[in-house]
Every structure is written in structure tokens, then in C-alpha cells.
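Engineer: Below: sequence and its predicted model.
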Amino acid sequence: MSGIPELDDQIDSCGRPPEYAAGTELGARVHTREARLRDAILTDFRTAVRVRSDVPPHTPDELRLYVVHRGSWILRHSGDPVALPGGRFMVRRTAGLTSFEASPQTAGATIALPAGAVGGHAGDRPISGSAVTPEVRLLLAHASLLHDTIDELTGYGAEAARNALIELTRGVVHHYVDAGEPALAPALATAARELADQRLTRPELTPSLLARELHVSVRTLHRAFADTGEPVAAYIRRRRLEEARRALTAGHTVSEVAARWQFADSSHFIRSFRQRYNQTPAQYARGRQPS
């Protein structure tokens, strides 16, 4: 389990991993990454085998968002099991939660907030849906940024990050996020990059496609990338070239690589490759051949 250092008395190190029940398979390989940001707790979780954990009876009532990337979780509230399969999310209060169980090869994430953090009666009744909605993508992108940068945050930065986390969680609950808010720009850029990486081989991948899938305007998307120093189209082009270079190393031909990574033709690919790497694809491939 990886620790996060304490910062300005607001960002605490992660706690101990849960104690797993006796039914957990021996030799369980469980990996967690947990960070505490004031009154918010973010956890990434993956396991190679089945695990089960009981929840202490006096656990504080929280609003918790569960996301399952693959595998499945079973949550038991007052003894009643609720299955959450891969590709789904659920928002629910933790009152009555007695245990959870993860199937083998499960990966997921949770975000825990104070019960009233997003207002109203959020989580009194379970809210569930697809884990690839724009609202969930933005929230997970923000959580990923927090995991990577939390030890660099100032007190003001921690407060802003916590407020953005609550706003994005509210967006998941109410199915709407104003992604044009400047404070959410880093999350939007991160979500767009992750989405682009999943679609690099698709000919329709453009800034307009990313904007549509994230429910924002193209202008808003471009503004989110402005602070990164790399426009959206430039990011797509760079990532395609990086993947194309890996494919050349694996022995694929120039024409195969050009077609797979959506260059107009071999000549276009060769020009783009030379411009970035100062050599042709053939020269690069020959240099990687064993002597």
C-alpha cells in the first residue's frame, strides 16, 4: 500500500488496509492506493483473487461513490447483497454497510465524503449507472490527478481540490457538470487525454469527437488544454506517433503502422515521423534490429 505524506495538517497519510475476513483466499494479492484530503478519502483498489472485508459496526455514515472498472463488487447493507459489475458505478450512503466482497481480477475506485457534502438527500437511495458517462469520467480524472499531485498541494490548493471533488461528485449524482468552470479544466483535460488514448486507432478521433463524448463545447475543451501547453490535436498526433514507434519496434511494416494509427498514407506517416524523431521510420526500425 503506498503512503501519501502529510501536508499542512490538511492532507493525511493513508490508513491501514482493511482486515480481510477468514474466508479470503490465502496469498491474496491486494493492492490499494489511498489518499485523504481533509474530509475526503480516495481509494484505488485491485485484487488478483477473491477478497472479503467486514465493516466495523460503528463506521461513520458517509456518502460513498463506488466505481468498478472490471470484475465485480458485492456490497452488503444490513445483510442484503448488492452486486456492482464491471463498467458500473453506484453512489450510496454507508449507513448499514456490513461487508464487501470483490471477485478475482477486480479493479475499482471509491470516493468517500461526509454524508451531507453534496447537499440534499444524496445517497439515501442508491444511484447507479454506467461508469463511462462524462460526469464519471471527469470525477475519476480529477481523482487520478489528486493521487499524483497531492503531496505538492498548498493549503489553498488542497481546499480548491476538495471543492472540485465535491462539485464533480455532485455532477455524478445530478447527471450534470459545468465543465466550463476554470477549476475543473485540469480534470477535463485529463479525461480527454484518457479518452483519446482509448481511441487512437479510430479514424473519427478529433477534438470535436472528444468534446461531444464529454458533453462540452470544442471551445471549452481547447481552453482546458491551453494551460497544458499542448493543443488537443497535437496531443492526438503525438500519441499516435508514440504508438506507431512502438509498433515499428515490434516489427510491423511502415504501411501497416501508417494504416493502423490513422495517417493518411505512408508518405504522410514518414513526414510526420521524421519531423518528430529526426529520422525516417525505416531508419528507426533498422536501428532497433539486433546486431
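Structural biologist: Received, thanks.
Engineer: and Arg240, what element?
Structural biologist: Using DSSP states H and E, Arg240 sits in helix 232-249.
Engineer: what's the answer for Arg223, then?
Structural biologist: Using DSSP H and E, the element containing Arg223 is helix 218-226.
Engineer: what sits up against that helix?
Structural biologist: 179-180, 185-186, 188-189, 192, 207-208, 210-211, 214, 231-232, 235 (C-beta atoms under 8 Å, 6 or more residues apart in numbering). From N, CA and C alone the C-beta is placed, and that goes for glycine too.
Engineer: could you check the angle helix 232-249 makes with that helix?
Structural biologist: Taking axes from the mean of the first three to the mean of the last three C-alpha atoms, to 10 degrees, one finds helix 218-226 and helix 232-249 inclined to each other by 60 degrees.
Engineer: Check the offset of helix 218-226 from the chain's centre.
Structural biologist: 20 Å (C-alpha atoms, centre = their mean, to the nearest Å).
Engineer: which of the contacts of helix 218-226 lies closest to Phe263?
Structural biologist: Tyr235 (16.0 Å; C-beta to C-beta).
Engineer: wait, what's in contact with the closest one?
Structural biologist: With contact set as C-beta under 8 Å, 6+ apart, Tyr235 has these partners: Arg193, Ala196, Phe225, Thr228.
Engineer: Can you say which two of the contacts of helix 218-226 are spatially most distant?
Structural biologist: Maximum distance among the contacts of helix 218-226 (C-beta to C-beta): 21.3 Å, for Pro186 and Ser208.
Engineer: And those two? Which one has more around it.
Structural biologist: Per other C-beta atoms under 10 Å, whichever of Pro186 and Ser208 has more neighbours is Pro186, with 18 against 13.
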